[in-house]
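**Q** Below are the sequence and a predicted model for it; my questions follow.
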Amino acid sequence: MTTDLETTTIPVPSDSPRVSVVVAMFERLERSVACAKSLASQSIDRAEIIFVDDGSEDGTPEAVEAVARSSRIPMRIVRNARNLGANASRNRGVSLASAPLVAFLDSDCEAAPDWLERLIAPFEADPRLGAGSGLVEDACVGNVWELAFSGTHRLPRSGPCSRITSCNLCIRRVLMPAGAWDETRPTRSDGGRPDTAISARCDEEGLNLAIRSAGWGVEAIPTARVRHFHPYSRRSLLRQAWFGGCSAAEIVHRYRLGPRRDLAPIALAWLLLALVLLLGPFTTWWLMVLPAAMAGLAVAAIAGNELVNKGKTVGRLLRAAPALFVYYHVRLLGFLFRRWQLRLGGAGVERVDPAQLAIGLPSPPESPA
């Protein structure tokens, strides 16, 4: 049985905090310290910050403790006795939270000084809002691989949205029962050291579906800004693409979702091309046009997403185009491989009826007449 140690606790003031911030961290000493300093300088009047260290051996928790001692905002640092994974750490942080709202920030992010104020303002104005994500700006765009990934977590438009992002997120605590963050896939099942370059688990998908199923609102709050400092090389981005595709397949299988809109046109274009090659001389002219048309549709959809949603300029999109071509195809291969595994019953994932996700969650208050 694992024994957890709490290393530092700074008392919470008598006035109850409006929001609890949970940060799971693992061996990112400099980045974790920068994250802690950005939280210590928040403009909010009542908050608490909970860092959950996931078994770091590089001095990360001690370095963050030094920031905590001089912080105006109460901070506490707790340690897992061994590496349990980001979601287990987040769940532990939620169990220690005392505020009605719980915000999540990744340890490689730095929050703007007014981040918390802006993130929780819509919740205090709308009692039916269950979850909201702020704007994530990628600070690492120095090479083509980082440029290709930039904007992936970006939610640029304010108001109701269909997804949330775990690195800049706020949720009402009543909507997070014990184990709300999925712990079924630990960081490393073999007990080895985790790879912090990979964060492609779609961690927040189940939470998002459950909150929406219970009737609560989900919004993008782009005025709540954080900067994300996650460097990528060719190797780490392609691993991110592969595991992201595998995770997307698990999400589709687990929650009985439809085709992934970013991958379906690419897969269909290649399927049509294979059909044309297979038919050979029996192919009609209009059938030969279909693969090119579908490929054009896929390119247009991806380009539109990169420009409108991910915030790339035309110049940056053109520069990143070769890396994006490789990225999406590796992601597709990971998706198809995992779907094939799941259909054969290997390395199974428990299936969940989306209609059952809201069981046990409270309903939002009635709208005023």
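**A** Received it, and whenever you're ready, just let me know what you need. Keep in mind that what you see is a predicted model, and the values were worked out from it rather than measured. Numbering: from 1, shown residues only.
**Q** ok, the spatially closest residue to residue 367 that is not a sequence neighbour to residue 221 distance?
**A** Closest residue to residue 367 apart from its sequence neighbours, by CB to CB, 6 or more residues apart in numbering: residue 128 at 6.8 Å. Every C-beta, even on glycine, is put in place using the N, C-alpha and C of the backbone. According to CB to CB, to the nearest Å, residue 128 and residue 221 sit 15 Å apart.
**Q** okay, the two: which has more neighbours?
**A** Counted by other CB atoms under 10 Å, residue 128 and residue 221 do not tie: residue 221 has more neighbours, with 25 against 13.
**Q** Mind checking what secondary structure the more buried one has?
**A** Taken by DSSP: H, G, I helix; E, B strand; the rest coil, the conformation at residue 221 corresponds to strand.
**Q** What are the buried residues along stretch 235-242?
**A** When burial is assessed from 16 or more other CB atoms under 10 Å, stretch 235-242 yields the following buried residues: 236, 237, 238, 239, 240, 241, 242.
**Q** Residue 176: which of the residues you listed is nearest?
**A** The shortest gap between residue 176 and any of the buried residues of stretch 235-242 belongs to residue 240, at 26.4 Å (CB to CB).
**Q** ok, back up a step: need the contact list for the residue nearest to residue 367.
**A** 216, 217, 364, 365, 367 (CB atoms under 8 Å, 6 or more residues apart in numbering).
**Q** same check, this time on residue 98
**A** 12, 16, 17, 20, 48.
**Q** Can you list which of those residues are found in helices?
**A** Using DSSP state H, no member of the contacts of residue 98 falls within helices.
**Q** Max pairwise distance over the residues you listed: which two?
**A** 16 and 20 (10.3 Å).
**Q** so residue 232 makes contact with residue 140?
**A** Yes: Residue 232 lies in contact with residue 140 (CB atoms under 8 Å); the separation is 7.0 Å.
**Q** Check the average confidence over stretch 126-135, would you?
**A** What stretch 126-135 shows for mean pLDDT is 96.
**Q** buried ones in that stretch?
**A** Neighbour-count burial for stretch 126-135, with 16+ other CB under 10 Å as criterion, is recorded at 129, 130, 131, 132, 133, 134, 135.
**Q** and the two most separated of those?
**A** 130 and 135 (19.1 Å).
**Q** still on that earlier bit, any common contacting residues for residue 232 and residue 140?
**A** With CB under 8 Å, 6+ apart as the test, residue 232 and residue 140 both reach residue 146.
**Q** all helices of the stretch 151-300 of the chain, in order?
**A** Using DSSP state H, counting those that start in this stretch, the helices found in the stretch 151-300 of the chain span residues 205-213, 234-255, 264-279, 285-304.
**Q** just so I know, which of these lies nearest residue 321?
**A** helix 285-304 (8.6 Å).
**Q** Would you mind writing the CA trace of that closest one as PDB?
**A** This file holds the C-alpha atoms of helix 285-304, laid out as PDB (Å, rounded to 0.1, in the frame of the first residue of the first chain):
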ATOM      1  CA  TRP A 285     -13.500   9.100 -64.900                       C
ATOM      2  CA  TRP A 286     -15.700  10.300 -62.100                       C
ATOM      3  CA  LEU A 287     -14.400   7.700 -59.700                       C
ATOM      4  CA  MET A 288     -10.900   8.700 -60.500                       C
ATOM      5  CA  VAL A 289     -11.800  12.300 -59.400                       C
ATOM      6  CA  LEU A 290     -13.200  11.200 -56.000                       C
ATOM      7  CA  PRO A 291      -9.800  10.600 -54.200                       C
ATOM      8  CA  ALA A 292      -8.500  14.000 -55.300                       C
ATOM      9  CA  ALA A 293     -11.700  15.700 -54.300                       C
ATOM     10  CA  MET A 294     -11.700  14.000 -50.900                       C
ATOM     11  CA  ALA A 295      -8.000  14.900 -50.400                       C
ATOM     12  CA  GLY A 296      -8.700  18.500 -51.300                       C
ATOM     13  CA  LEU A 297     -11.600  18.500 -48.700                       C
ATOM     14  CA  ALA A 298      -9.200  17.100 -46.100                       C
ATOM     15  CA  VAL A 299      -6.600  19.700 -46.800                       C
ATOM     16  CA  ALA A 300      -9.200  22.500 -46.700                       C
ATOM     17  CA  ALA A 301     -10.600  21.300 -43.400                       C
ATOM     18  CA  ILE A 302      -7.200  21.000 -41.800                       C
ATOM     19  CA  ALA A 303      -6.100  24.400 -43.200                       C
ATOM     20  CA  GLY A 304      -9.200  26.000 -41.900                       C
END
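**Q** Assess the claim that residue 74 and residue 49 are in contact.
**A** Yes: with contact defined as CB under 8 Å, residue 74 reaches residue 49; the gap is 7.0 Å.
**Q** And the two? Which one has more around it.
**A** residue 49 (29 against 17).
**Q** give me the beta-bridge partners of that one?
**A** Residue 49 has the following beta-bridge partners by DSSP bridges: residue 21, residue 75.
**Q** how close does residue 350 get to residue 87?
**A** 15 Å.
**Q** Give the rounded mean pLDDT of the helix ranked longest in the chain.
**A** Among all segments of the chain classified by DSSP H, the helix with the greatest residue count is helix 314-343. Mean pLDDT, helix 314-343: 94.
**Q** Summarise which helices and strands it is packed against.
**A** Secondary-structure packing of helix 314-343 (3 or more CB pairs under 8 Å, 6 or more residues apart in numbering; DSSP states H and E): helix 144-149, helix 234-255, helix 264-279, helix 285-304.
**Q** and among these, the most buried is which?
**A** Among the helices and strands packed on helix 314-343, helix 144-149 has the highest mean neighbour count (mean count of other CB atoms under 10 Å), at a mean of 22.
**Q** No more questions from me, cheers.
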